[in-house]
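Trainee: what's the 3D shape of this:
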Amino acid sequence: MVAGHLQEKNGYFYAVLSYKDSSNKRKTKWIPTGYPVRGNKKKAEAFLTEQRKAFEIPEEDVSSAAPDELFADYLERWLQIAKGTIAITTYSSYEGMLRYPLLPWFREKGVTLKGLTARHIQDFYSAQMKRVKPNTVIHYHAVIHRALKYAVKTDLIDVNPADKVDRPRKNGFQPGFYDKDEMNRLFDCVSGLLIEAPVKLAAFYGLRRSEVLGLKWDAIDFDSGTITIQHTVTGCNVDGRYTIVARDTTKTKSSRRTLPLTPPIRELLLRLRAEQAENRRLCGDSYIRGYEGYICVSEMGARIRPEYLSCHFEQVLERNGLRRIRFHDLRHSSASLLLANHVPLKQIQEWLGHSDFSTTANIYAHLDAQSKSSTADAMLRGLGFASPEDSSP
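Mentor: The predicted model follows:
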């Protein structure tokens with residue numbers, strides 16, 4: 001979204017939006033909130049946020065391009081235009097890919113937007129395939145294609161050259177995961193540590209790191225015995241600055257889900273809630289009150305940061321001689337344990353919050369040996385052959 005701030009004028013709040021035009025000049029737009037200054041700051045701030053989200057840079061400020069504008073310069077300009085229409089985490093991802101390798105490669109080649117061809121793009125993909133996996137190049141393709149699609153839409157170019165390039169095939173993904181014994185040993189190792197709750201919640205429910213750190217106490221219904229995934233906390237770099245993004249949204253609509261609060265997790269959370277209450281009492285005014293609604297906080301009340309969780313998880317594994325996996329692999333471990341206990345893939349999809357069944361199947365189908373054995377036995381019976389079960393003594 002575009003930048004903006006509140007300004008007082010004649011006793012009323014105004015939302016002042018700020019953006020750069022195609023010449024990189026700063027422009028502002030004043031929008032009356034209709035709220036008097038006295039007693040209406042929160043309402044005015046909410047109005048400002050909505051205006052920043054909804055604002056679109058005027059076409060006359062974005063559609064002009066010099067005939068010899070470098071493609072690299074256009075990519076930078078396009079990203080600032082797109083910033084107001086995409087999630088901040090998506091913007092962070094795009095910005096990182098532009099910083100390296102997109103901008104350096106195309107700037108070095110000196111190719112212009114109007115002179116860009118499918119061959120230039122293909123050469124870029126071929127060069128990147130020598131250093132990164134195909135899936136990463138597919139992400140580069142998505143950025144290039146989206147940027148050029150906007151260039152076609154605004155009449156800067158006639159056709160999208162990225163349409164003529166075949167993106168690489170996805171490389172196979174084999175996630176790491178712990179078995180039952182490794183998981184129980186991990187639970188013993190994190191017992192009493194600050195990361196105990198995040199680790200156990202991620203492993204049991206297959207939560208993403210952002211979902212674990214975004215859990216709040218109001219998402220836990222101890223009476224009905226449910227836990228609702230509805231808020232996320234993510235860390236990302238925005239314009240060269242590390243930022244924590246807390247949102248009342250999840251990765252996809254399906255990621256917003258309600259799961260049963262099992263007895264071990266209920267006991268863990270009740271103990272944690274009591275400990276946090278005691279920490280607030282002991283620390284008094286020194287306790288950080290801004291994150292009281294969150295479950296995963298430090299002894300002083302600070303919200304656990306994403307990079308802290310990942311780093312300390314790795315340290316626990318190394319310190320205790322456990323096989324190295326990523327924190328996200330706890331999610332895969334949850335799925336593999338469910339499969340090992342004969343839970344159908346469709347139910348695992350709902351448990352993990354995948355939006356598409358194919359995502360679950362593509363990642364975990366190779367682990368579903370039990371269902372394949374059952375299918376083989378059914379085929380044997382259907383053809384009139386004795387199955388291994390029938391022939392056993």
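Trainee: show me what contacts the closest residue to Pro134 other than its chain neighbours?
Mentor: Excluding the flanking residues, the one nearest Pro134 by CB to CB, 6 or more residues apart in numbering is Pro168, at 3.8 Å. Where C-beta positions appear, they are placed from N, C-alpha and C, glycine not excepted. Neighbour list for Pro168: 125, 129, 134, 137-138, 141 [criterion: CB atoms under 8 Å, 6 or more residues apart in numbering].
Trainee: ditto for Ile144
Mentor: Contacts of Ile144 by CB under 8 Å, 6+ apart are 102, 121, 162.
Trainee: helix or strand for it, which one?
Mentor: Element membership for Ile144 (DSSP states H and E) is helix 134-153.
Trainee: avg pLDDT for that helix?
Mentor: Helix 134-153 shows a mean pLDDT of 97.
Trainee: hmm, back to that, now list the buried members of the contacts of Pro168.
Mentor: 125, 137, 141 (16 or more other CB atoms under 10 Å).
Trainee: what's around the closest residue to Val238 other than its chain neighbours, how many residues?
Mentor: Nearest non-adjacent residue to Val238, counting by CB to CB, 6+ apart: Ser92, 5.4 Å away. Residues lying near Ser92 (other CB atoms under 10 Å) number 20.
Trainee: I'd like to know which of the contacts of Ile144 is nearest to Val199.
Mentor: Distance to Val199 across these (CB to CB) is lowest for Leu102, with 36.2 Å.
Trainee: wait, the closest one sits on Asp73?
Mentor: No. Leu102 is not in contact with Asp73 according to CB atoms under 8 Å; the separation is 11.9 Å.
Trainee: could you pull out the strands for this protein?
Mentor: Here the chain has its strands, by DSSP state E, at 3-9, 12-20, 26-36, 220-221, 226-229, 232-238, 241-247, 257-260.
Trainee: okay if I get those as a markdown table plus mean neighbour count, distance to Gly284 and mean pLDDT?
Mentor: Listed next are these as a markdown table, based on neighbours: other CB atoms under 10 Å; distance: least, CB to CB, whole Å; pLDDT from 0 to 100:
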| stretch | mean neighbour count | distance to Gly284 | mean pLDDT |
| --- | --- | --- | --- |
| strand 3-9 | 14 | 34 | 88 |
| strand 12-20 | 19 | 36 | 87 |
| strand 26-36 | 14 | 37 | 90 |
| strand 220-221 | 16 | 26 | 98 |
| strand 226-229 | 18 | 31 | 97 |
| strand 232-238 | 19 | 26 | 94 |
| strand 241-247 | 13 | 26 | 93 |
| strand 257-260 | 15 | 36 | 97 |
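Trainee: Any chance of JSON lines for these, columns distance to Ile325?
Mentor: Formatted as JSON lines, the strands of the chain follow (distance: least, CB to CB, whole Å):
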{"stretch": "strand 3-9", "distance to Ile325": "40"}
{"stretch": "strand 12-20", "distance to Ile325": "44"}
{"stretch": "strand 26-36", "distance to Ile325": "47"}
{"stretch": "strand 220-221", "distance to Ile325": "27"}
{"stretch": "strand 226-229", "distance to Ile325": "22"}
{"stretch": "strand 232-238", "distance to Ile325": "20"}
{"stretch": "strand 241-247", "distance to Ile325": "25"}
{"stretch": "strand 257-260", "distance to Ile325": "23"}
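Trainee: between Leu102 and Asp73, which one's more packed in?
Mentor: Taking neighbours as other CB under 10 Å, Leu102 and Asp73 compare with Leu102 leading, 22 against 18.
Trainee: Give me the distance between the more buried one and Leu309.
Mentor: Distance, Leu102 to Leu309, using CB to CB, to the nearest Å: 30 Å.
Trainee: In the protein, where is pLDDT below threshold?
Mentor: Within the chain, the segments meeting pLDDT under 70 span 1, 21-24, 59-67, 173, 365-366, 368-375, 386-393.
Trainee: which residues does Lys133 contact?
Mentor: Here Lys133 is in contact with Asn171 (CB under 8 Å, 6+ apart).
Trainee: Quick one: neighbours of the residue lying closest to Ile295 once chain neighbours are set aside, just the number.
Mentor: Spatial nearest neighbour of Ile295, excluding adjacent residues (CB to CB, 6+ apart): Leu215 at 4.6 Å. Using other CB under 10 Å, Leu215 has 26 neighbouring residues.
Trainee: can you pull the contacts of Leu215?
Mentor: The neighbours of Leu215, taking CB under 8 Å, 6+ apart as the test, are 201, 207, 227, 229, 231, 294-296.
Trainee: My read is that Arg331 contacts Glu211, right?
Mentor: No. Using CB under 8 Å, Arg331 is not in contact with Glu211; the gap is 9.3 Å.
Trainee: Which one of the contacts of Ile144 is nearest to Gly240?
Mentor: Leu102 (16.4 Å).
Trainee: Roughly how far does the closest one sit from Thr234?
Mentor: 23 Å.
Trainee: Could you do Glu292 as well?
Mentor: Distance, Glu292 to Thr234, using CB to CB: 20 Å.
Trainee: Could you do His328 as well?
Mentor: Distance of His328 to Thr234, computed by CB to CB: 13 Å.
Trainee: residue closest to the middle of the chain?
Mentor: Residue closest to the average C-alpha location in the chain (CA atoms, centre = their mean): Lys251, at 5.8 Å.
Trainee: Would you report the backbone torsion angles of the closest residue in space to that residue that isn't next to it in sequence?
Mentor: Nearest residue to Lys251 in three dimensions, chain neighbours excluded: Arg208, at 6.8 Å (CB to CB, 6+ apart). With angles defined as degrees, to the nearest 10, Arg208 sits at phi -70, psi 160.
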